[in-house]
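Chemist: here is the input, now give the coordinates:
(chains A and B)
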Amino acid sequence: MSLAAAAVAVALVTLFALLLVAILSYRDASTTARHAQQAIASANQLETLALDLETGLRGFIITNNESSLKPWNDAHAAYPGQMRELLRLASDNPRQEQRALKIKRSIDAYLRDFSVPLVAFMHRNPALARQVVRGGTGLHRLDAVRVRFDQFITGERKLADVRNSRARRTGRIAIVLGGVSLALAVLLIVLLTAYLARRVARPIRLAADAAGRLADGDLSSRVDERGVAEVGALQRAFNSMAASLERGRRALEEQNRKLRESERVKSELVSSVSHELRTPLASILGFSDLMLQRDLDPADRRRYLELVRTEADRLAALLNDLLDLQRIEETGVQLTREELDLSKLLEAQVVLYSAQSDRHSLALESDEGCLVRADRDRLAQVIGNLVSNAIKYSPDGGVVHIEARCSGSRVRVTVRDEGMGIPTAQQRQIFTKFFRGDAGRRLGIGGTGLGLALARDIVEAHGGRIGFESGEGQGSTFWFDLPLAAAGEPRGVGLSDSRRSGGGS
Amino acid sequence: MTRPSVLVCDDEPNLRELIRVSLGPGWAVHEASDGEEALTLARSLEPDLVVLDLMMPRLNGLEVLSKLKADPGLERTRVLVVTAQPASEAEAREHGADGVIVKPFAPEELAELAATLVTRT
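Modeler: Now for the predicted structure:
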């Protein structure tokens, strides 16, 4: 942009310089012309003077009257001044000066050798003088002088012509060059204006439009950043401002979405809890009403009491699990870690649960010395949940296989049953709070639907993972991985890459 | 005179038992433990009354209700909806429930409501 401005300036300066040259050149030419005119006029006067000398002389000699010598005397007196004037005017050109000097020499010679001596001679011998005049020597000499005058005047005219034509040529060139630079300057100004409109005015108008859209709420509004210098800086600043606004709004929307999601989860939870509480409560209140209002035989009375008791237990368990889950979700799983031998913990749980069912047998296979750093009660809670689920969901009895295998830096605990399995459609929801399989409800298998959700929170808090494989009618295999306590013995990469971070979910 | 027939649909066995006992010996009681079973049995038995829990696996209670009400063969069958959520009472009525009772309920209340619904026809 500054280059274009400089070009316009140069063109304008050139234009003015050329105009100045042309004006000076014309002035010079007119000065020369005036000078030539003066020189020519001076030469003419001098020539007249020379003629006056001759005619005055002839008049005097022919008339022999002293009074008729006056023109000659006047011319003789004026001659030196007039000659000096011509020499002065010719002094600017050596050749003209030479010519003027020749004129002077020939007039001087005419005066010295002919005119002055003849005037003196006239006083002594007028007859002879008359004879000399009639012989035409004076006119003859004067003709030579006139030739010199002609040469001088011609020379002066030529000089003036040369200067004149040079001035005209300079003028023409100045006009042409001036015209060209004027056209160039106009072109450059037009181009510069177009350039400014394109590179400055248009980007700024686009930025203003974009700012308008931004103000109307379109935060994805951006401008092209390829503008020059300050325009580019403006565009970049605009884009970075728009991007920052957009990031801010996205963060707010994300936060808003999370809040709505958590509201939704909370309201679903309230609805689920309400349902889960009302169902056992309906049995408890209903059967107690029946016992109070109707005459029942002792067997029925006992059966209803047992149902009341079962449902009350269910309510109590539900309440405990709920409180447990609430605590975990508020503060994360609080672990009191100690180094544990996993096989010993498993043995204790197997003993505990073997007593609960006559129809099931529990088979434990465990690698020796699988040491983990874990919370004893929480880990027992997880194992107990998986084992009791295995028993509950294989109502026909059977073997529950429990395994612990150390491999690399991890240990995997597996609980496998031969029960009813989980239909594929329900597998995705199995760790969802309050979710219980169809079969569980239909067959009246107790549970709160919170056990597995709790188990997952606890396992993940230990840096482990929990999962299962199952198919309808094919039994279920639940497993969880934990990192081994002996971290100084990395025998393999194992599953450590897939370890998730702990903490309440 | 034959006893009126009722189909009790609930996924909780204890609640089915409670409903059956509450209704008393005056009813011929049939039971279904999920939505699909409820629909199948209702169509084959054409009972005088269906007692329907809204929260059921497979086919939820409202869908079962709509299908029962849309079935021309079940025109004279009354439907009594049992729900654990008081908020869903209006929704159940919109879907054509003849009566709604909220858990927990008193056994006598259920028995009276069932009797009213069936004798009204």
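
Chemist: quick one: mean pLDDT for stretch A:186-194?
Modeler: Averaged across stretch A:186-194, the pLDDT comes to 88.

Chemist: pull out the buried positions in that stretch.
Modeler: A:Leu188 (16 or more other Cβ atoms under 10 Å in any protein chain shown). Quick note: C-beta positions are derived from backbone N, CA and C, even for glycine.

Chemist: kindly export that stretch (C-alpha atoms) in CSV.
Modeler: Provided in CSV are the C-alpha atoms of stretch A:186-194 (Å, rounded to 0.1, in the frame of the first residue of the first chain):
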residue,chain,number,x,y,z
VAL,A,186,-4.5,9.3,-12.3
LEU,A,187,-4.2,5.6,-13.0
LEU,A,188,-2.3,5.0,-9.8
ILE,A,189,-4.8,7.0,-7.8
VAL,A,190,-7.7,5.0,-9.3
LEU,A,191,-5.9,1.8,-8.6
LEU,A,192,-5.0,2.8,-5.1
THR,A,193,-8.6,3.8,-4.4
ALA,A,194,-9.8,0.4,-5.8
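
Chemist: now tell me what touches the longest helix along chain B from outside.
Modeler: For chain B, the longest helix by residue count, based on DSSP state H, is helix B:107-119. Residues outside helix B:107-119 that contact it (Cβ atoms under 8 Å, 6 or more residues apart in numbering or on different chains): A:286, A:289-290, A:293, B:4, B:6, B:18-19, B:21-24, B:26-27, B:48-49, B:51, B:78, B:80, B:98-99, B:101.

Chemist: which ones among those residues are found in helices?
Modeler: A:286, A:289-290, A:293, B:18-19, B:21-23.

Chemist: pLDDT wise, what is B:Asp48 at?
Modeler: 94.

Chemist: the one 3 residues further on now?
Modeler: Each residue has a pLDDT score; the one for B:Val51 is 95.

Chemist: same question, A:Ser505
Modeler: 36.

Chemist: lowest average confidence, helix or strand, in chain A?
Modeler: helix A:438-442 (a mean of 66; mean pLDDT, DSSP states H and E).

Chemist: with adjacent residues omitted, what lies nearest to residue 21?
Modeler: You didn't say which chain, so I picked chain A. Distance criterion Cβ to Cβ, 6 or more residues apart in numbering or on different chains; nearest residue to A:Val21, sequence neighbours excluded, is A:Ala174 at 5.5 Å.

Chemist: my bad, chain B
Modeler: Closest residue to B:Val21 apart from its sequence neighbours, by Cβ to Cβ, 6+ apart: A:Leu290 at 5.9 Å.

Chemist: what count of nearby residues applies to that neighbour?
Modeler: Using other Cβ atoms under 10 Å in any protein chain shown, A:Leu290 has 21 neighbouring residues.

Chemist: about what we covered before: pull the residues that contact whichever helix or strand comes after the least confident helix or strand of chain A.
Modeler: For helix A:438-442, the succeeding helix or strand toward the C-terminus, using DSSP states H and E, is helix A:451-461. Applying Cβ under 8 Å, 6+ apart, the set of residues contacting helix A:451-461 from outside is A:321, A:324-325, A:328-329, A:332-333, A:335, A:375, A:378-379, A:381-382, A:385-386, A:388-389, A:430-433, A:465-466, A:480-482, A:500-505.

Chemist: ok so, going back, and the residue nearest to A:Val21, which of the three is it?
Modeler: Secondary structure assignment for A:Ala174 (DSSP: H, G, I helix; E, B strand; the rest coil): helix.

Chemist: spit out the contact partners of it.
Modeler: Counted by Cβ under 8 Å, 6+ apart, A:Ala174 has contacts A:18-19, A:21-22, A:25.

Chemist: up against chain A, what does chain B have?
Modeler: B:11-15, B:17-18, B:21-22, B:33-34, B:55, B:57-58, B:84-85, B:103-108 (Cβ under 8 Å from any Cβ of the partner chain).

Chemist: what about the chain, any weak spots by pLDDT?
Modeler: Using chain A. A:1-2, A:4, A:438-447, A:486-505 (pLDDT under 70).

Chemist: the chain in question should be chain B.
Modeler: Checking chain B against pLDDT under 70 turns up B:1, B:56-59, B:120-121.

Chemist: quick one: contacts for the residue nearest to the spatial centre of chain B?
Modeler: Residue closest to the average C-alpha location in chain B (Cα atoms, centre = their mean): B:Val51, at 1.3 Å. Counting by Cβ under 8 Å, 6+ apart, B:Val51 makes contact with B:6-10, B:19, B:80, B:82, B:110, B:114.
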